[in-house]
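Asker: Quick one: sequence and predicted model below, then my questions.
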Amino acid sequence: MNKNIKAIKVLLVDDHKIVRDGIISLLQGEENIQIVGQAENGLEAIDKIGKLSPDLVLLDINMPILNGIECSQQIGKKFPKVKILVLTMLSEHEHIKNMLASGVCGYILKNSGRKELITAINTLMNGENYFSDEVKNVIIKELIRKKTNQGKISGEIIPLTPRELDVLRYIIDEHTNQEIAEKLFISIRTVDAHRRNLLEKTGSRNTAGLVKFAIKNNLLKNE
């Protein structure tokens with residue numbers, strides 16, 4: 001390992017040893033990522049975090065004793081600086097919503113390849129959020145389905161217009177301002193204005209903040 005490279009310390013948390021072994025195999029040879037430990041349930045993970053001080057936890061959802069949702073909530077309270085990347089087979093909206101609400105920074109599926117896994121880990125450690133394309137599509141579809149209820153947030157009305165929700169959908173799907181303007185037949189200047197309004201109204205700093213706002217404030221909540 002290059003001594004000038006500070007390795008990202010990762011804790012693997014999954015109740016299936018074959019999965020943990022597979023991840024270790026995938027990440028072998030990656031100089032800036034170091035697997036410092038493993039855990040097969042959430043309770044063991046909390047204990048290992050205290051002992052090993054990982055930078056990032058690669059976390060499954062369905063596990064015995066303490067599941068991923070409960071585990072991520074405890075990590076957020078006890079070890080707020082530790083990043084959490086969900087790696088799961090579960091792509092249903094309810095699971096995504098619950099995990100994001102519990103404070104995770106990223107969510108990818110177990111059908112992801114080595115390149116995406118490494119990209120996700122590095123993205124989180126750079127202070128950003130990461131969602132696989134399939135996860136983003138689930139979020140966007142639910143956002144569109146709930147479009148008529150976009151103003152209902154804890155009994156209060158948030159003044160998001162239908163057009164702002166259109167722009168929000170394309171922003172989350174990583175379209176540029178020019179692409180959004182072309183799709184909605186509006187000017188780039190208008191898209192810029194909608195983007196500023198969305199960030200201001202939701203109190204978000206970036207695209208990941210907009211996604212989290214929509215989920216945490218029940219814009220995507222199932223009736």
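Answerer: Ah, there it is.

Asker: okay, CA-based contacts and neighbour counts for the rest of this
Answerer: OK.

Asker: the helices in this protein, which residues?
Answerer: With helices called from DSSP state H, the chain shows them at 17-27, 42-52, 68-78, 93-101, 114-125, 133-145, 162-172, 177-184, 188-202, 207-216.

Asker: how about JSON lines for those, with mean neighbour count added?
Answerer: Listed next are those as JSON lines, based on neighbours: other CA atoms under 10 Å:
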{"stretch": "helix 17-27", "mean neighbour count": "14"}
{"stretch": "helix 42-52", "mean neighbour count": "17"}
{"stretch": "helix 68-78", "mean neighbour count": "20"}
{"stretch": "helix 93-101", "mean neighbour count": "18"}
{"stretch": "helix 114-125", "mean neighbour count": "17"}
{"stretch": "helix 133-145", "mean neighbour count": "17"}
{"stretch": "helix 162-172", "mean neighbour count": "18"}
{"stretch": "helix 177-184", "mean neighbour count": "16"}
{"stretch": "helix 188-202", "mean neighbour count": "16"}
{"stretch": "helix 207-216", "mean neighbour count": "19"}
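
Asker: Who are the contact partners of residue 33?
Answerer: 7, 8, 9, 10, 27 (CA atoms under 8 Å, 6 or more residues apart in numbering).

Asker: Could you give the bridge partners of the third one?
Answerer: The reference is to residue 9. Beta-bridge pairing for residue 9 (DSSP bridges): residue 34.

Asker: show me the contacts for it.
Answerer: Counting by CA under 8 Å, 6+ apart, the residues that residue 9 touches are 33, 34, 35, 36, 53, 54, 55, 56.

Asker: Now the two most distant members of the residues you listed.
Answerer: Farthest-apart pair in the contacts of residue 9 is 33 and 53; separation 14.2 Å (CA to CA).

Asker: Out of the contacts of residue 33, which comes closest to residue 75?
Answerer: Nearest member of these to residue 75, counting by CA to CA, is residue 10, at 14.1 Å.

Asker: Touching, the closest one and residue 59? I think so.
Answerer: No. Contact criterion CA atoms under 8 Å: residue 10 and residue 59 do not qualify, at 10.3 Å.

Asker: the more surrounded of these two?
Answerer: Per other CA atoms under 10 Å, whichever of residue 10 and residue 59 has more neighbours is residue 59, with 29 against 24.

Asker: ok, that one - contacts?
Answerer: By CA under 8 Å, 6+ apart, the contact set of residue 59 is 12, 13, 14, 68, 84, 85, 86, 87, 88.

Asker: and these, which of them are in strands?
Answerer: Among those, DSSP state E puts 12, 13, 84, 85, 86, 87, 88 in strands.

Asker: surely the second one meets residue 35?
Answerer: What that stands for is residue 13. No. Look at residue 13 against residue 35 with CA under 8 Å: they stay out of range, at 11.0 Å.

Asker: out of those two, which sits in the more crowded spot?
Answerer: Shown here are residue 13 and residue 35; by other CA under 10 Å, residue 13 has more neighbours (28 against 18).

Asker: how close does that one get to residue 134?
Answerer: As judged by CA to CA, to the nearest Å, residue 13 and residue 134 stand 22 Å apart.

Asker: likewise residue 92?
Answerer: 10 Å.

Asker: Could you do residue 94 as well?
Answerer: Residue 94 sits 14 Å away from residue 134, going by CA to CA.

Asker: Over to residue 103?
Answerer: 20 Å.
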